[in-house]
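In: here is a sequence with its predicted model. Questions after.
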Amino acid sequence: MADSAIGTRQRGRPKRTRSFYDKEVQGVIWQVVVLTVVFGTGYWLYANMIFNLENRNIQTGFDFLTREAGFAIGETLIEYSPSSTYFRAFVVGLLNTLQVSALGIILATILGVFIGIASLSKNWLVRQLTGVYIHVLRNIPVLLQLIFWWLLLLNDRFTQSAQPRSNPDGTVAPLIGDIYITNSGVYYPAATDWRFWLVIWGGLIAALVAGWVVSQMSKRRQAETGQTLPVGLITAGLVVLLPLAGWLAIGAPWEWNSPSPNRFRLSGGANLSPEFLALLLGLAVYTSAFIAQIVRAGILAIPKGQTEAARAIGLREGVIMRQVILPQALRVIIPPTTSQYLNLTKNSSLAVAIGYPDLVNIGNTTLNQTGQAPEAILIMMLVYLTLSLLTSLIMNIYNASIQLVER
């Protein structure tokens, strides 16, 4: 009987009616309106573009990528000539962008961590100098900093000329050994066998990956037994042994091509151009100021009790920073640092201002020659979007690995 009464009340309950003033209904309506406007605007822009391209007899599509580029590129990591295709030119620009972005991230991280820790030093002079470094560099536009470094490296009042006749004594003096710093770039010895650098860099990357695996094993062992592995010693050994093993595996080549001054200029060896160095230094120094402030804030976010407890058990200041403070501060440091890595990668597009052949520079040249503006811009947009998503993915995975696991 009770069940029948409950059923009667449920059947007798009036159904909820929807009206235009219902918040849920209005939410759905506004979403439909916004999507309609967005897709309608996109369609109008696309139709307008197609109409204008047809009126100007400009062919659409990506067939131009297979045509001969017809222009030279000053700096390439792969073989390239004016007879190569536009696709290969884009690949050259992409590799140049990846090179300066990766090296810039590494250099900016090292500088940023060092400056951030130094800004909390007990030494008054160190604190003031790092404060000036952070606040001055953060408030000067990155484009001006790139131009500053570029003009500094090109000016023979700061760097010697690469042409012996232009120097007062008629010579080009090396900085050390066979390394020359001139207004034409930095010249240094290079291995004649390209496999040498391949195995060296491959060995270093493998050693770092293996070191990370050893550190994870050490953490698990510490959680289970209270004992740790000598991670630093093992990683240092791998950094030496793996590249050495790779070098021996390819026959231990030891032939070097060193630069030497001749009658007109330096020849031989390898060269880092002023444009590349200016872009690398400008991006790294500018971004390091932001990373330094992030590191400083992350360290200050750790309760002082952690430091006091570590001092109470007799740990040294360096050990406290490496083993106690920084591992906890990383949880605060990593998310905003990821944004700085993304900014550095995207700011590399400013290379066009100083003539470095990055993706945007080559894309603009291709656009001007072919008239394929939408396609060239779309390629650049997709490349930067992909790089940003990959960087975010890697940093998010790392950030998740260092988070505290609640029980």
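Out: Nice, I can see it.
In: what's the spacing between residue 330 and residue 322?
Out: 12 Å (Cβ to Cβ, to the nearest Å). (C-beta placed from N, C-alpha, C; glycine too.)
In: same thing with residue 183?
Out: For residue 183, the distance to residue 322 - Cβ to Cβ - is 41 Å.
In: ditto for residue 155
Out: The spacing between residue 155 and residue 322, counted by Cβ to Cβ, is 41 Å.
In: sorry, back to before: with neighbour numbers in mind, choose between residue 330 and residue 322.
Out: Using other Cβ atoms under 10 Å, the more surrounded residue of residue 330 and residue 322 is residue 330, with 16 against 13.
In: count the neighbours of the closest residue to residue 177 other than its chain neighbours for me.
Out: Counting by Cβ to Cβ, 6 or more residues apart in numbering, residue 177 lies nearest to residue 189, which is 7.8 Å off, once chain neighbours are set aside. Number of residues near residue 189 (other Cβ under 10 Å) recorded here: 15.
In: residue 260 is in contact with residue 189, correct?
Out: No - if you go by Cβ atoms under 8 Å, residue 189 and residue 260 don't touch, sitting 10.2 Å apart.
In: hey, what's in contact with both of these two?
Out: Residues touching both residue 189 and residue 260 by Cβ atoms under 8 Å, 6 or more residues apart in numbering: 178, 269.
In: tell me where the stretch 101-250 of the chain has helices.
Out: In the stretch 101-250 of the chain, the helices defined using DSSP state H, counting those that start in this stretch lie at 124-138, 142-154, 194-225, 231-249.
In: quick one: residue 266 from residue 191, how far?
Out: 18 Å.
In: so between those two, which is more surrounded?
Out: Between residue 266 and residue 191, counting by other Cβ under 10 Å, residue 266 is the more crowded of the two (21 against 17).
In: wait, what's in contact with residue 266?
Out: Residue 266 neighbours (Cβ under 8 Å, 6+ apart): 162, 172, 180, 182, 184, 187, 259, 260.
In: so which of those comes closest to residue 25?
Out: Ranked by distance to residue 25 (Cβ to Cβ), the contacts of residue 266 are led by residue 184 at 69.3 Å.
In: the closest one against residue 162, yeah?
Out: Yes - using Cβ under 8 Å, residue 184 is in contact with residue 162, at 3.7 Å.
In: more neighbours: those two, which one.
Out: Under the criterion of other Cβ under 10 Å, the comparison of residue 184 against residue 162 puts residue 162 first, with 23 against 20.
In: stretch 153-171: how far from the chain's middle?
Out: Once both centres are worked out by Cα atoms, centre = their mean, to the nearest Å, stretch 153-171 turns out to sit 33 Å from its chain's centre.
In: may I have that stretch as PDB, with CA atoms only?
Out: Extracted in PDB, the C-alpha atoms of stretch 153-171 (Å, rounded to 0.1, in the frame of the first residue of the first chain):
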ATOM      1  CA  LEU A 153      78.300  41.500 -32.400                       C
ATOM      2  CA  LEU A 154      78.600  43.200 -35.800                       C
ATOM      3  CA  ASN A 155      80.400  46.300 -34.500                       C
ATOM      4  CA  ASP A 156      84.200  46.100 -35.000                       C
ATOM      5  CA  ARG A 157      84.600  48.300 -31.900                       C
ATOM      6  CA  PHE A 158      83.500  45.300 -29.800                       C
ATOM      7  CA  THR A 159      84.600  42.400 -32.000                       C
ATOM      8  CA  GLN A 160      87.600  42.200 -34.400                       C
ATOM      9  CA  SER A 161      87.000  42.100 -38.100                       C
ATOM     10  CA  ALA A 162      87.200  38.700 -39.800                       C
ATOM     11  CA  GLN A 163      89.300  40.400 -42.600                       C
ATOM     12  CA  PRO A 164      93.000  40.700 -41.700                       C
ATOM     13  CA  ARG A 165      93.300  43.800 -43.800                       C
ATOM     14  CA  SER A 166      90.700  45.600 -41.700                       C
ATOM     15  CA  ASN A 167      92.600  45.100 -38.400                       C
ATOM     16  CA  PRO A 168      95.300  47.500 -37.300                       C
ATOM     17  CA  ASP A 169      98.100  44.900 -37.100                       C
ATOM     18  CA  GLY A 170      96.900  43.000 -40.200                       C
ATOM     19  CA  THR A 171      96.100  39.800 -38.300                       C
END
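In: buried ones in that stretch?
Out: 153, 154, 159, 160, 161, 162, 163, 164, 167 (16 or more other Cβ atoms under 10 Å).
In: also stretch 42-53?
Out: So, applying 16+ other Cβ under 10 Å, buried residues of stretch 42-53: residue 53.
In: extract the CA atoms of that stretch and return them as CSV.
Out: Extracted C-alpha coordinates of stretch 42-53, given in CSV (Å, rounded to 0.1, in the frame of the first residue of the first chain):
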residue,chain,number,x,y,z
GLY,A,42,34.8,31.8,-41.1
TYR,A,43,32.8,30.8,-44.1
TRP,A,44,32.5,34.5,-45.2
LEU,A,45,36.3,35.0,-44.9
TYR,A,46,37.0,31.8,-46.8
ALA,A,47,34.6,32.7,-49.6
ASN,A,48,36.0,36.2,-49.8
MET,A,49,39.5,34.9,-50.0
ILE,A,50,38.6,32.4,-52.8
PHE,A,51,36.8,35.2,-54.7
ASN,A,52,39.8,37.5,-54.5
LEU,A,53,42.3,34.8,-55.5
